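[1] just the structure for this:
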Amino acid sequence: MINIGIIGCGKIAQTRHIPEYIDNKNCNILGFYDRNKSRSDEMAKKYGGISYDSYQDLLSDKNINAVSVCVTNNLHAEITITALRAGKHVLCEKPMATTISDCKTMVKAADENGRKLLIGHNQRLTPTHKKARELIRDGIIGDIITFRTTFGHGGPETWSIDSGPNVWFFNKKSAAIGAMADLGIHKTDLIQFLTDDAIVETTAKLVTLNKRNSAGELIDVDDNAFCIYRTKRGIVGTMTASWTFYGPEDNSTILYGSKGIMRIYDDPDYSIKVLLNDGEKICFELDSIQTNSNQTKSGVIDLFIDSILHDRETELSGKTILSAMRVVFASIESSREGKTIIIDRD
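    Purely as a prediction, here's the structure:
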């Protein structure tokens, strides 16, 4: 039995982490910490366990084997590294960290302490994305030439536990990066996952177009990110992340190959639609993409627990996700400098 501590008891913990741990027969939640003590008290009362006064107190509990880190972006690295050095396995929410050096230190801490570090990139685990990767590997649409991937919704101000125009996602000190870190990291990682290829070049524009705080001022992180990526094999495509899609959420990916087109989560009836150049259509009805308003089991917690029990690396390991984080930080640099950036793969 794996004993779990929850660090950060906000919306993502309450909606995804806690329910999925409870659903897994191989683990047990022993403790909670949140900077808002009443929130962790509420979780402890509801689910049992201890509400700790600090995350350090939680990490000092030798009965806790692993933790979920569900705090603001700026604290991901600090708490994760401390937890790994305290001998805990860690599942950290995305984005992994707010600097590439912190991401590297997290991976190093996991290696040095013999502990698992997973990052919550749930899009890799959907049945549709797994099937799409399989079909692409089998050559159903031939060689991929270009792609378009999008993740856009109306913003995190209605999703966060402390909702409203002053949500922490909009604060540069807490979030560091806006839509690019919240949504763009998912689609950046997904393209590499689907294509079995590495993004080696980015030309990006991160902008703040519409989101405002309670004072009516534009927020100080990006609410839209537009990137042109080139992969090692020469595939070129676009990635759009947006908090200003004020209507249905768009979480689609379209891949254009030498034999046809694959449309993923782009049709209300089919999660994958393959349109071949000979006129044949192949459709798959596998699942619906998880949205803020439609929460389904992500599989992330089950994978985390399984990786601990069987001592194996997974597709969500910090080492794997580090690749996508390099692209995110290179895209930020590209936007800031106004030029194309070659990804550092050292």
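[2] assign a three-state SS to the residue of the chain most remote from its centre, would you?
    In the chain, counting by Cα atoms, centre = their mean, residue 278 sits farthest out from the average C-alpha position, at 36.7 Å. Judged by DSSP: H, G, I helix; E, B strand; the rest coil, the three-state class of residue 278 is coil.
[3] and it, what pLDDT?
    Looking at residue 278, its pLDDT stands at 95.
[4] likewise for residue 141?
    98.
[5] burial of it, as a residue count?
    Look at residue 141: counted by other Cβ atoms under 10 Å, it has 23 neighbours. C-beta coordinates here come from the backbone N, C-alpha and C atoms, glycine included.
[6] need the contact list for the residue lying closest to it once chain neighbours are set aside.
    Of all residues not flanking residue 141 in the chain, residue 257 sits nearest, at 3.2 Å (Cβ to Cβ, 6 or more residues apart in numbering). By Cβ atoms under 8 Å, 6 or more residues apart in numbering, residue 257 lies in contact with 140, 141, 142, 143, 144, 145.
[7] surely residue 115 and residue 91 touch.
    No: contact criterion Cβ atoms under 8 Å: residue 115 and residue 91 do not qualify, at 11.1 Å.
[8] these two: which has the busier surroundings?
    residue 91 (26 against 19).
[9] where in the protein is pLDDT low?
    290-296, 346 (pLDDT under 70).
[10] which residues in it form helices?
    Taking DSSP state H as the test, the helices found in the chain are 11-12, 18-22, 37-47, 55-59, 76-85, 100-113, 127-137, 172-175, 179, 185-195, 300-309, 318-337.
[11] quick one, which of those gets closest to residue 162.
    helix 11-12 (8.8 Å; Cβ to Cβ).
[12] so what touches that closest one?
    Helix 11-12 is contacted by residues 70, 93, 159, 160, 161 when judged by Cβ under 8 Å, 6+ apart.
[13] same list, those residues, but as CSV with distance to residue 203 and neighbour count please.
    Below are these laid out as CSV (distance: Cβ to Cβ, whole Å; neighbours: other Cβ atoms under 10 Å):
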residue, distance to residue 203, neighbour count
70, 33, 24
93, 28, 23
159, 30, 19
160, 31, 16
161, 36, 17
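[14] nearest to residue 200 among those?
    Using Cβ to Cβ, these come closest to residue 200 at residue 93, 26.9 Å.
[15] do I have it right that the closest one meets residue 75?
    No: look at residue 93 against residue 75 with Cβ under 8 Å: they stay out of range, at 10.5 Å.
[16] spit out the contact partners of residue 186.
    Going by Cβ under 8 Å, 6+ apart, residue 186 touches 94, 121, 123, 151.
[17] out of those residues, who's the most crowded?
    Neighbour counts for the contacts of residue 186, by other Cβ under 10 Å, peak at residue 151, which reaches 26 neighbours.
[18] before we move on, the earlier item: okay, and the common contacts of residue 93 and residue 75?
    Both residue 93 and residue 75 are in contact with residue 69, where contact means Cβ under 8 Å, 6+ apart.
[19] okay if I get the contacts of residue 186 as CSV plus distance to residue 51?
    Shown next, in CSV, are the contacts of residue 186 (distance: Cβ to Cβ, whole Å):
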residue, distance to residue 51
94, 26
121, 29
123, 32
151, 34
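[20] closest one of the residues you listed to residue 284?
    Out of the contacts of residue 186, the member with the shortest distance to residue 284 (by Cβ to Cβ) is residue 123, at 16.6 Å.
[21] circling back to that earlier point, out of the helices of the chain, flag the one nearest residue 227.
    helix 318-337 (5.2 Å).
[22] next, the angle from the closest one to helix 100-113.
    With axes from the mean of the first three to the mean of the last three Cα atoms, to 10 degrees defining the directions, helix 318-337 sits at 170 degrees from helix 100-113.
[23] residues of helix 318-337 that come out buried?
    318, 320-332, 334-335 (16 or more other Cβ atoms under 10 Å).
[24] then stretch 107-125?
    In stretch 107-125, counting by 16+ other Cβ under 10 Å, buried: 107, 109-110, 113, 115-125.
[25] with stretch 70-82 instead?
    70, 71, 72, 73, 74, 75, 76, 77, 79, 80, 81, 82.
[26] list the contacts of residue 63.
    3, 30.
[27] make residue 1 into 510 and carry on from there
    Sure, I'll start numbering at 510, so the last one becomes residue 572.
[28] any chance of TSV for the helices of the chain, columns distance to residue 792?
    Compiled in TSV, the helices of the chain are given as follows (distance: least, Cβ to Cβ, whole Å):
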stretch	distance to residue 792
helix 520-521	32
helix 527-531	30
helix 546-556	41
helix 564-568	47
helix 585-594	39
helix 609-622	38
helix 636-646	12
helix 681-684	39
helix 688	31
helix 694-704	18
helix 809-818	28
helix 827-846	29
